[in-house]
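Engineer: Structural data only, the sequence is not supplied:
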């Protein structure tokens, strides 16, 4: 959609894009994809990868190739250290962990029992470590803290994990993983604890694209970076996105849109190399005005992090 | 040099620069090779350290995984917080190890391998967590443990593959570094060889260009100088030392050139001096020859003059006596005997005087002399002789000019040339000698054109003793004297043949302002004029100092015509005695006498009988003595030369008495 918009709005700008859609969040697949990207001549920037694990796994390849990597949703704190060509559209997980802890403390009484399920990758482990550090110093009681695999399909493993959550009798489940993973556990969980509040990390924001029935998503809240109704631009984007895709626009959608347009804007302004694109991004809010993204004004810290806030969104009950 | 110069470089500087350049090149090469080696070594070290670090991380991961496996397989794993904590700690170790790989520079395939390790680890941990969960719920879960073990084994396998791959890469790097170092070494040797070769070529070129070429130029210049060519200097070579040598060489060549020029000038001067010396030598020889001739002439004159004076005197007395006799008696005797005696005696006297004049080289008194007067005398003297010989002497109208000359010598010059023409034209009836004068503001030329046979050897006619006349007709001194006199006048004489015959002599004089120059006078005997007589005055005594008796007799006979009483003495001492003893009207004295000379007597008279100082007459033959000649010249009024003519003698003595 972003590419189409730029071609329509700026027909004189010449650029070439490659779109790769992967359903895998595995870092190994991301490395293979990045290797394929880097084999192309004239590559100056990549919008991706979506997850922290994939972004981290590929960041060194892009940095060594002097290609700007602009990840829409990678939140791992480690990404800050990835290199000067590594940028992202979202703040790092230390801020998300703090935000989650505040939400939990606001919504639940002290001594409430908290169960934590985290995906055992860079994203999940990092966020879980930061969150545990915050929760351990809060009045909440962590009664379960177990990992899960991103692509767990084995019923017994899923059942084991559900049973472990149920057995822990938590007042709230914090799920640090992707919406597809959560979707695999939700049926079992809702069968045992139909109203158990679940607060997901930002990776749950694309819950609507899972195959799980919407009913099981009730009582699920999740962290998001953008309030899609906050501004007319976002509302307009949401409308156009839904008209174009038939889906409700999420934070990652608008961030990906903004990231894509931002790189194309750099190219439109003459950036012909990764170094030039990096210089363009670094100049935003300094030598240049902050980029007027749909999601809001955009500028980056020297480490490549944007200044953004978090919002907690809750899945509305099925109508 | 210009400045040269393009600027001349010192050979020492060139060598120093070349050495510095080569040293710098060598150092640069060495440093370059060392640098390359160090870089390679550093890269190898870094690669080695990186691999060691990766190996350490791999060891930590493996160790962590083993500890995690040990924790989950412990019999009381689910109930033991200790094993749980051990498991957690080991898991963090593994994760930290895997994070350690995250930002390391890895190829894509290695990174993929590491990501697979990470996946195996996360799956192992997920399986392990199920072990703990099952243990907590319903006892040991052997399948989960097996899964964890499988993931662990797979992890280790992947990790080993990663490490092996890294080791292989390290070996590849080591091999590459070794090859690179070998290449560097070989390259260094090649470069060193090239450098040595370049140094050889550079040194050869340097020596050829900056040493051999200048030396060759110097050699060629030396050869040129050796061959006498000093005109081509040594060109600047651009090398300071050789330029200094070249400059010195050029200076030397210039000095040689100047010396040679000076030498040539000196040589020319020497040649000219030699010519002059030879001329002087010739002149000296001539002078010596003439000196000898003068000395001989003086001796001869001394010996001849006295008898000649007797002959001439007696001849004239005889002629006078015969003239006083009746013509029929004395005439034939006088014409046939007495006159020839007198004439030949006069000729003899002329010869002697000519010889004496020729041999005398003393200073002459130059001054303006009237040329018309001198030519008039010549005409009067020799006109009769020309007419007598059937020849013609024509003197063109002479402008009133004076020339620088000495009177007597001038007369001799003119007479000599006229006499020569007369002799040359004898036998050629009607032959004419034309004399004409050409005057300019500066010079006066007197040209004698005769119609004789001409000159057989014009170049030799001025040589002394060269004559074409017959024996007894010429002395061979006339023209030589003429030339000498002309040169003493500051003039010249030239001779040439005329066409179709005849000779031309041209006298060139320096013109002088016409003053009351004394005319040339010459005593001319006159047959018609009798000898002077004087009334007898017995009291008039004259002292005659003469050592020769026949001359005393002549003096007595001549003085008898003046009516005076001569008193004869033979020496100066006798004269002094006579002068002290008696009174004399005059003194007639010879100069050269045995014992004291007549000059001593004259000095004595000046001191003791000053009244006789103006009545003193030397009768002497010129003998070439310089002192006497100068004295007699300075006191001409006191001198009568032997052989004298009776008329002259009597006239002078009469003048003393008056």
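Structural biologist: Happy to help now that I have it. Just so it is clear, the structure is predicted and the values come from calculations on it, not from any experiment.

Engineer: Residue 187: helix or strand, and which one exactly?
Structural biologist: Looking at chain A here, since you left the chain open. helix A:179-192 (DSSP states H and E).

Engineer: try chain B instead
Structural biologist: Using DSSP H and E, residue B:187 falls within helix B:142-207.

Engineer: Over to residue B:123?
Structural biologist: Residue B:123 belongs to helix B:108-138 when assigned by DSSP H and E.

Engineer: So the residue nearest the centre of chain A: helix, strand or coil?
Structural biologist: Centroid-nearest residue in chain A, with Cα atoms, centre = their mean: residue A:73, separated by 3.2 Å. When classified by DSSP: H, G, I helix; E, B strand; the rest coil, residue A:73 comes out as coil.

Engineer: Would you check that residue A:69 makes contact with residue A:86?
Structural biologist: Yes - Residue A:69 lies in contact with residue A:86 (Cβ atoms under 8 Å); the separation is 5.2 Å. Heads up, the C-betas are built off the backbone N, CA and C, glycines and all.

Engineer: Next, show the common contact partners of these two.
Structural biologist: Shared contacts of residue A:69 and residue A:86, defined by Cβ atoms under 8 Å, 6 or more residues apart in numbering or on different chains, comprise A:55, A:59, A:62-63.

Engineer: For the residue in the stretch 101-250 of chain A that chain B sits nearest to, give me phi and psi.
Structural biologist: Chain B sits closest to residue A:120 of the stretch 101-250 of chain A, with a gap of 3.7 Å, by Cβ to the nearest Cβ. Residue A:120 adopts backbone torsions of phi -90, psi 60, taken as degrees, to the nearest 10.

Engineer: hang on, isn't it packed against residue B:122?
Structural biologist: Yes - when contacts are counted by Cβ under 8 Å, residue A:120 is listed as touching residue B:122 (3.7 Å).

Engineer: Overlap of the contact sets of these two?
Structural biologist: A:147, A:149.

Engineer: could you give the angle of the lowest-mean-pLDDT helix or strand in chain A to helix B:108-138?
Structural biologist: Lowest mean confidence among the helices and strands of chain A (mean pLDDT, DSSP states H and E): helix A:27-38, at a mean of 86. If you take axes from the mean of the first three to the mean of the last three Cα atoms, to 10 degrees, helix A:27-38 sits at 160 degrees to helix B:108-138.

Engineer: right, and the helix or strand after helix A:27-38?
Structural biologist: Downstream of helix A:27-38, the first helix or strand assigned by DSSP H and E is strand A:45-47.

Engineer: ok so, going back, how about residues contacting the least confident helix or strand of chain A?
Structural biologist: The list of residues contacting helix A:27-38 from outside it, by Cβ under 8 Å, 6+ apart, reads A:18, A:20, A:22, A:24, A:43, A:46, A:48-49, A:51, A:53-58, A:61-62, A:65, A:67, A:121-122, B:108, B:111-112, B:115-116, B:118-119.

Engineer: Give the buried residues for that helix.
Structural biologist: For helix A:27-38, a neighbour-count test (16 or more other Cβ atoms under 10 Å in any protein chain shown) marks A:27-35, A:37-38 as buried.

Engineer: what distance separates it from the centre of its chain?
Structural biologist: When distances are taken as Cα atoms, centre = their mean, to the nearest Å, helix A:27-38 is centred 19 Å away from the chain's centroid.

Engineer: residue contacts, residue B:253?
Structural biologist: The contact partners of residue B:253, by Cβ under 8 Å, 6+ apart, come to B:221, B:225, B:230, B:233.

Engineer: Please repeat the previous calculation with a cut-off of 6 Å.
Structural biologist: Counting by Cβ atoms under 6 Å, 6 or more residues apart in numbering or on different chains, residue B:253 touches B:225, B:230.

Engineer: gap between it and residue B:225?
Structural biologist: The gap separating residue B:253 from residue B:225 is 6 Å, by Cβ to Cβ, to the nearest Å.

Engineer: what's the answer for residue B:603, then?
Structural biologist: As judged by Cβ to Cβ, residue B:603 and residue B:225 stand 74 Å apart.

Engineer: quick one, which of these two is more surrounded?
Structural biologist: residue B:225 (17 against 12; other Cβ atoms under 10 Å in any protein chain shown).

Engineer: Quickly find the element holding that one.
Structural biologist: helix B:213-226.

Engineer: avg pLDDT for that helix?
Structural biologist: In this model, helix B:213-226 has an average pLDDT of 82.

Engineer: how many degrees apart are the next helix or strand after it and helix B:213-226 in direction?
Structural biologist: Toward the C-terminus, helix B:213-226 is succeeded by helix B:240-324 as the next helix or strand (DSSP H and E). Interaxial angle of helix B:240-324 relative to helix B:213-226 (the same axes, to 10 degrees): 10 degrees.

Engineer: neighbouring contacts of the helix or strand that helix B:240-324 is followed by?
Structural biologist: Remark: after helix B:240-324, the chain's next helix or strand is helix B:327-333, criterion DSSP H and E. For helix B:327-333, the surrounding residues in contact (Cβ under 6 Å, 6+ apart) are residue B:322.

Engineer: distance between helix B:327-333 and the chain's centre?
Structural biologist: Mean C-alpha position of helix B:327-333 versus that of the full chain (Cα atoms, centre = their mean) differs by 81 Å.

Engineer: do the same with stretch B:422-434
Structural biologist: Its chain's average C-alpha position is 56 Å from that of stretch B:422-434, according to Cα atoms, centre = their mean.
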